[in-house]
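In: Kindly generate the corresponding structure for this input.
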Amino acid sequence: MKKEILFDFLEIVILFILVVLPIRIFLLEPFFVRGQSMEPNFHNFDYLIIDKLSYRFREPQRNEIIVFHPPFDKKVYYIKRIIGLPGERLVIKEDKITIFNKEYPQGFVLKEDYLKNHYTSGAIDITLGQDEYFVLGDNREVSYDSRKWGPVKKQDIVGKVILQISPIRLVQALNR
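Out: Residues are numbered from 1 along each chain as shown. Coordinates of the predicted model:
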C-alpha cells in the first residue's frame, strides 16, 4: 500500500516536471491584474494567461495588451497596451495621439475605441528607437506608463495577454 502511494506521488512529480513546468517556463504564464490602470477593460484581480512564445516568432503589434518589466524595476510586472512601435514618432497633445511612421509620414490620429471617457494627458513628442515600444494604460488618468518613464524594450516584454478571467464580470453574469 505504501509503495503504491509513493509510486503515485512520484508519477505526479515526474508528470509535473516533464509537462507542467516546461509549459509554465516557456509557453504560458498566469498573472493577476493589480491596480486600476487598465480599467474599464481589465480590473483589479482579473486572472490573465500570458503567451510567452509568440514574440519569438513575430513582432508585438499596436493595441496588444502585454505584460512586461518596466525600465526602472526588472523585478516587477506591469500590464499595458502597446501604442507606439519601433521607429515611430508619437506626439501626444490635447488628448490626441498622432503617430508618424513610414506608412503615414504625415501622421495619423490613433483611434482608441476601447477607451471610454478617458483623457490622454501630457505633451510628448518622442521617436522610438529600435526594439522600443510606447505603452499606455487604458485608464489614462491613473496609469503610470511610458508618458512618465519612457519606452519599453522588447527584451523586457514577458508576453501578450491571450486569456482574461474577470471575477467582477463573472459575479455580474451570475447575478443576472
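In: For the closest residue to Pro70 other than its chain neighbours, give the beta-bridge partners.
Out: In this structure, Pro70 finds its nearest non-sequential neighbour in Tyr78, 5.2 Å apart by Cβ to Cβ, 6 or more residues apart in numbering. (Glycine included, C-beta is placed from N, CA and C.) Bridge pairing for Tyr78 (DSSP bridges) gives the partners Phe68.
In: Averaged over its residues, which helix or strand of this protein has the lowest pLDDT?
Out: helix 21-22 (a mean of 56; mean pLDDT, DSSP states H and E).
In: how about the next helix or strand after that helix: buried residues?
Out: Counting by DSSP states H and E, the next helix or strand C-terminal to helix 21-22 is strand 28-32. For strand 28-32, burial by neighbour count (16 or more other Cβ atoms under 10 Å) applies to Glu29, Phe31.
In: what do you get for stretch 131-147?
Out: Buried residues in stretch 131-147 (16+ other Cβ under 10 Å): 131-140, 143, 145-147.
In: can you give me the helices for this protein?
Out: Per DSSP state H, the chain carries helices over the ranges 2-15, 21-22, 146-149, 167-174.
In: hey, least reliable of those by pLDDT?
Out: Sorting the helices of the chain by mean pLDDT places helix 21-22 lowest, at a mean of 56.
In: Could you point out which residue ranges in this protein have low pLDDT?
Out: In the predicted model of the chain, residues 1, 7, 13, 15-28, 168-174, 176 satisfy pLDDT under 70.
In: Give me the most central residue, it.
Out: Nearest to the centroid of the C-alpha atoms of the chain, with distances taken as Cα atoms, centre = their mean, sits Ile66, at 1.8 Å.
In: what's that one in contact with, if anything?
Out: Contact analysis of Ile66 by Cβ atoms under 8 Å, 6 or more residues apart in numbering lists 60, 79-82, 133, 135, 152, 157-161.
In: let's see 6 Å
Out: By Cβ atoms under 6 Å, 6 or more residues apart in numbering, the contact set of Ile66 is Ile157, Lys160.
In: i'd like the first residue to be 111 from this point on
Out: Fine by me, first position is 111 from now on; the one you just mentioned is Ile176.
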